[in-house]
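Undergrad: what follows is a protein structure lacking sequence information:
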């Protein structure tokens, strides 16, 4: 099937991409590696959820704009400080709620409490 036919078929079926639950933003050399590992783990442990990882570089502000553009509910923030402390900062993008900090190993359980 050609690409054009595939696009037409998707339009015909009114396919909507699933909005991501979370968009992982990162800043710093150690944070990039950690963000990739975190995305892989979350996708393995929560296959029904859409988890997006920011690819490339950019300021945190530009990464938050992309998270908003994709309609993510949450932003998982990883900087070198978070990596060193073994935590993930969580910013709620669609509701007014204070930013939270969760231990990496407790993140999956935290996400499950949101649903």
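TA: Looks like it arrived, so ask away. Just so we're clear, the structure is a prediction, and the values are computed from it rather than from any experiment. Residues are numbered from 1 along each chain as shown.
Undergrad: helix, strand, or coil at residue 37?
TA: Assigned with DSSP: H, G, I helix; E, B strand; the rest coil, residue 37 falls in the helix class.
Undergrad: distance of it relative to residue 10?
TA: Distance, residue 37 to residue 10, by CB to CB, to the nearest Å: 32 Å. Any C-beta I mention is one placed from the backbone N, CA and C, and that applies to glycine too.
Undergrad: repeat for residue 92
TA: For residue 92 relative to residue 10 (CB to CB), the value is 31 Å.
Undergrad: go ahead and flag the most central residue of the protein.
TA: By CA atoms, centre = their mean, the chain has its centre lying nearest to residue 23, at 2.1 Å.
Undergrad: OK, contacts around that residue?
TA: Contacts of residue 23 were listed using CB atoms under 8 Å, 6 or more residues apart in numbering, and they are 52-54, 63, 66-67, 70, 72, 74-76.
Undergrad: so where does it fall, helix or strand?
TA: Element membership for residue 23, per DSSP states H and E: strand 22-27.
Undergrad: direction included, what does that strand pair up with?
TA: strand 51-53 (parallel), strand 74-79 (parallel) (DSSP bridges).
Undergrad: can you give me how far the next helix or strand after the first one is from the chain middle?
TA: Right, the one you point to is strand 51-53. Downstream of strand 51-53, the next assigned helix or strand under DSSP H and E is helix 60-70. With CA atoms, centre = their mean, to the nearest Å as the basis, helix 60-70 stands 10 Å off its chain's centre.
Undergrad: helix 60-70 packs against which elements?
TA: strand 22-27, strand 74-79 (3 or more CB pairs under 8 Å, 6 or more residues apart in numbering; DSSP states H and E).
Undergrad: let's go with 6 Å and repeat that
TA: Here helix 60-70 is seen to pack against strand 22-27 when contacts are counted using 3 or more CB pairs under 6 Å, 6 or more residues apart in numbering; DSSP states H and E.
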